[in-house]
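Visitor: Only the shape, not the letters, is given here:
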């Protein structure tokens, strides 16, 4: 029985929907095709062309070496204790298929010689494969994972009295919902009868409150007797609810125990899913369909754990799925090797038109995270021949991940892209442990068209936003946007594996990576210098730089030319000794000059006024001294040489936007920058030097204050005495 249980578990985790769909491509299909049975009878529906279909039943077990179920066959096998009955519908469009266990589930008596009984409480643990055949050909397969326990029997006298359910208006059926463990005390569940007084002292002040803690009929806030006069709001006496405490809000606020007659009887028939319909505007949750009227599917994880390889994609619902499968051979699982050209499907965009998926390939150089035993897998270059060994297996274009991005706007799709990660691997079949392959699938919905790139400021650049660069299209006058880049080394730090990251505004950075060179690379120093310079120049794939963070791609006046500084180093042939090369441009310098160009609502705006790029030459020489003399003799020995790139932001103080007044020129004694006493600061909020808010706003507030000051002076006590003296005087 333990061996059968291990076979069952292996089959449960290795069987996935793709293996069933291989045989479900005919004119009929089981719904559902996979059933986990805990009872002796299971029911499925065979839909499609079901006329003349016959059934064969086999008790199958997965292969211990591959983990796959045996191929279904229409040949009759040895008798099994499972029986299949079918019932055809009136219109012959579907057939109800019932699989029944013919074995007795009674537990065997120790003193009895019965044979048709269960030896253990876990009576049946096996995989049942029901094959639908038409004319000797397999048209559909139903897999039943059975785990059935024996029927319990009792010699005690069973009372025939029915259980009396109390009236739910006054006494709820579940009086202690937090009692989750039978025969044991649940911590913080004070209504649990298994908790004695000593245990309750440990958590008596931390009992669960509300319905979960057993207070199933609490006094709700809207009840007139719930609040006293000191804490009740002003409106409470007029808007409170007069109700009996027996009416629980969890059973209905004004429930009086009336019985409602149910007019609709439940139906337990299997409902057939309708076919996909071409949408007239997608809504959230609607399945995305192809132009041919089929569901667009991406592998996704099911609730039970295994991946469903043909799961429809729902509109505006992001997901990430991780699918694990046993890596045996490419032929055993064709879904592992997918060509990127097969991914450019045509989808319905939701407006009566179509949108084509744009695939982009990405070759990985590190299988960490994709295979369970990396030491047994060798990564091959696409141009490299597989290892000539009978103990190895080479698979080309192994699909490791597919990341879909759906660009949407309203109820329709604008564009769809997918990044397809591939690798060519060579697997060692003699590895002590099996190799499990982890594949990743994701879908992300982004609003807007990918052509509309995000801005980096409005209008000036914002700190931390990417610096925008571009190239002028010939003939169109439009600028294609891109970014300036820096190295982002990962893993072993080699330039061949390093990624790039965008240059961020006001973020000075210096990064680098390593080049592996041998004696052969130093035989031609001119070629080496050009190769290193081209490698670094690829970080600046642009000739223009945007002045502002929202520069228009069609307005050339809002862009600047990137200045490339010439190298002033003169290389003499005598400087290039064997194993060394001088003046190698191994460091790229990017100098970005910025300046303050004004303020918007008190916020200083910064713009780029110039960009200069240049190279720093260094001497590269192989280390052949001491024990490293073999480096200068053997061309296959490699040494690492660093290349780096840096970006520096330099702020330039521009000419003052407001020239000095005649008062500041003639009366320098009152200049705030030359003296400790600054008389103009008495009216600082009214001057243009105040940037807390706009000048017009501060001027308006100053004039209002002046008006109130004059009004207070006119209506104050001195003027009242003057008017009184004027009125009392006689002329």
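Guide: Arrived safely. Bear in mind the structure is a predicted one, so any value in this text is a computation, not a measurement.

Visitor: so where does residue 44 fall, helix or strand?
Guide: Under DSSP states H and E, the secondary-structure element containing residue 44 is strand 41-48.

Visitor: what lines up beside that strand in the sheet?
Guide: Strand 41-48 has the following sheet partners, assigned by DSSP bridges: strand 28-31 (antiparallel), strand 94-101 (antiparallel).

Visitor: Give the next helix or strand downstream of the longest one.
Guide: Just to be clear, that refers to strand 94-101. Read in the C-terminal direction, the helix or strand following strand 94-101 is strand 122-134, with elements assigned using DSSP H and E.

Visitor: which parts of that following strand are buried?
Guide: Of all the residues in strand 122-134, those buried under the rule 16 or more other C-beta atoms under 10 Å are 123, 124, 125, 126, 127, 128, 129, 130, 131, 132, 133, 134. Any C-beta I mention is one placed from the backbone N, CA and C, and that applies to glycine too.

Visitor: From residue 408, how far out is residue 414?
Guide: Noted for residue 414: a distance of 6 Å to residue 408, by C-beta to C-beta, to the nearest Å.

Visitor: same deal with residue 133?
Guide: In this structure, residue 133 lies at 45 Å from residue 408, with C-beta to C-beta as the measure.

Visitor: Measure how far stretch 485-501 is from the centre of its chain, please.
Guide: Computed by C-alpha atoms, centre = their mean, to the nearest Å, the chain-centroid distance of stretch 485-501 equals 24 Å.

Visitor: Flag every buried residue along it.
Guide: So for stretch 485-501, counting by 16+ other C-beta under 10 Å, buried means 485, 486, 487, 495, 498, 500.

Visitor: And for stretch 56-70?
Guide: Taking 16+ other C-beta under 10 Å as the basis for neighbour counts, the residues of stretch 56-70 that come out buried are 56, 57, 58, 59, 60, 61, 62, 67, 68, 69.

Visitor: Make sure residue 536 is indeed in a strand.
Guide: No: secondary structure of residue 536, determined by DSSP: H, G, I helix; E, B strand; the rest coil: helix, with no strand assignment.

Visitor: burial measure for it, as a count.
Guide: Look at residue 536: counted by other C-beta atoms under 10 Å, it has 20 neighbours.

Visitor: Likewise for the one 10 residues further on?
Guide: Residue 546 is flanked by 25 other residues according to other C-beta under 10 Å.

Visitor: separation between it and residue 187?
Guide: Distance, residue 546 to residue 187, by C-beta to C-beta: 62 Å.

Visitor: One more: residue 460?
Guide: Note on residue 460: its distance to residue 187, by C-beta to C-beta, is 59 Å.

Visitor: Just name the lowest-scoring one in the buried residues of stretch 56-70, pLDDT-wise.
Guide: Within the set of those, pLDDT is lowest for residue 67 (69).

Visitor: To which secondary structure element is residue 423 assigned?
Guide: Applying DSSP H and E as the criterion places residue 423 in strand 412-428.

Visitor: What lies in contact with the helix or strand that that strand is followed by?
Guide: In the C-terminal direction, the helix or strand that comes right after strand 412-428 (DSSP H and E) is strand 436-447. When contacts are defined by C-beta atoms under 8 Å, 6 or more residues apart in numbering, strand 436-447 is touched by residues 298-300, 313, 315-327, 336, 369-373, 398-409.

Visitor: ok so, going back, let me have the buried residues of stretch 56-70 in JSON lines, adding distance to residue 586 as columns.
Guide: Formatted as JSON lines, the entries for the buried residues of stretch 56-70 read as follows, by distance: C-beta to C-beta, whole Å:
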{"residue": "56", "distance to residue 586": "72"}
{"residue": "57", "distance to residue 586": "72"}
{"residue": "58", "distance to residue 586": "69"}
{"residue": "59", "distance to residue 586": "69"}
{"residue": "60", "distance to residue 586": "64"}
{"residue": "61", "distance to residue 586": "63"}
{"residue": "62", "distance to residue 586": "57"}
{"residue": "67", "distance to residue 586": "52"}
{"residue": "68", "distance to residue 586": "54"}
{"residue": "69", "distance to residue 586": "59"}
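
Visitor: what's the offset of stretch 528-539 from the middle of its chain?
Guide: For stretch 528-539 - counting by C-alpha atoms, centre = their mean - the centre lies 36 Å from the chain centre.

Visitor: Spell out the residue ranges of the strands in the stretch 501-650 of the chain.
Guide: When secondary structure is read from DSSP state E, counting those that start in this stretch, the stretch 501-650 of the chain shows strands at 509-517, 544-546, 559-561, 563-564, 580-600, 603-621, 639-651.

Visitor: nearest to residue 710, of those strands?
Guide: Evaluated over the strands of the stretch 501-650 of the chain, closeness to residue 710 peaks at strand 580-600, with 31.6 Å, by C-beta to C-beta.

Visitor: got the angle between that closest one and strand 603-621?
Guide: In terms of direction (axes from the mean of the first three to the mean of the last three C-alpha atoms, to 10 degrees), strand 580-600 departs from strand 603-621 by 180 degrees.
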